[in-house]
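1. Here you go, sequence then predicted model.
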Amino acid sequence: MQQEKQEQFLKRYNKKKEIQEKEKEAIERRQREIEERRERAKAALEKDILEEQRARLQKETELTRMVQEEEELIQKLKSTQLHQQAALDDLEQALNSQSEVMLESSRRETRAPTTTKKGSCLSSNKKI
């Protein structure tokens, strides 16, 4: 009987130890799972941060290129405007010169009388 009690006690003791060991393993397994989830979340966050940094750098590079292109286009536009203005000034000067020549020519014609064979004086605009 004593031996039976000892065997039962040992069985209960071993069962209790086994249960405690399984609970300890379960706790450790849950902690590992939590840690693994935490590590996966951390890795995903780091990946997202790297992707955002890459995208930001790409956008900054594109913006720098666009600003440079804009500056070049503005310079080309200014240059074109200067050439156009110079061409307009030259055209205006040429037209003014031609107008002055035509006006002077017209004045000479109205002032200078022309003679015919019979000796009469004629002006290009007037009849005598």
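-> Received, thanks.
2. In this protein, where is pLDDT below threshold?
-> 111-128 (pLDDT under 70).
3. Where does the residue nearest the centre of it sit, in terms of helix or strand?
-> Residue closest to the mean C-alpha point of the chain, counted by C-alpha atoms, centre = their mean, is residue 63 at 4.0 Å. Applying DSSP states H and E as the criterion places residue 63 in helix 2-111.
4. how far is that helix from where the chain is centred?
-> Averaged C-alpha coordinates place helix 2-111 at 11 Å from its chain's average position (C-alpha atoms, centre = their mean, to the nearest Å).
5. Use 51 as the first number for this chain going forward.
-> With the count now opening at 51, the last piece we talked about shows up as helix 52-161.
6. residues touching residue 93, list them.
-> For residue 93, the contact set (C-beta atoms under 8 Å, 6 or more residues apart in numbering) is empty. In this view, the C-beta of every residue, glycine as well, is placed from N, C-alpha and C.
7. do the one 4 residues further on as well
-> Applying C-beta under 8 Å, 6+ apart, one finds that residue 97 lies in contact with no residue.
8. For residue 127, see how far away it is.
-> Relative to residue 127, residue 97 is positioned 44 Å away (criterion: C-beta to C-beta, to the nearest Å).
9. repeat for residue 73
-> Distance of residue 73 to residue 127, computed by C-beta to C-beta: 79 Å.
10. and what of residue 157?
-> Applying C-beta to C-beta to residue 157 and residue 127 gives a distance of 44 Å.
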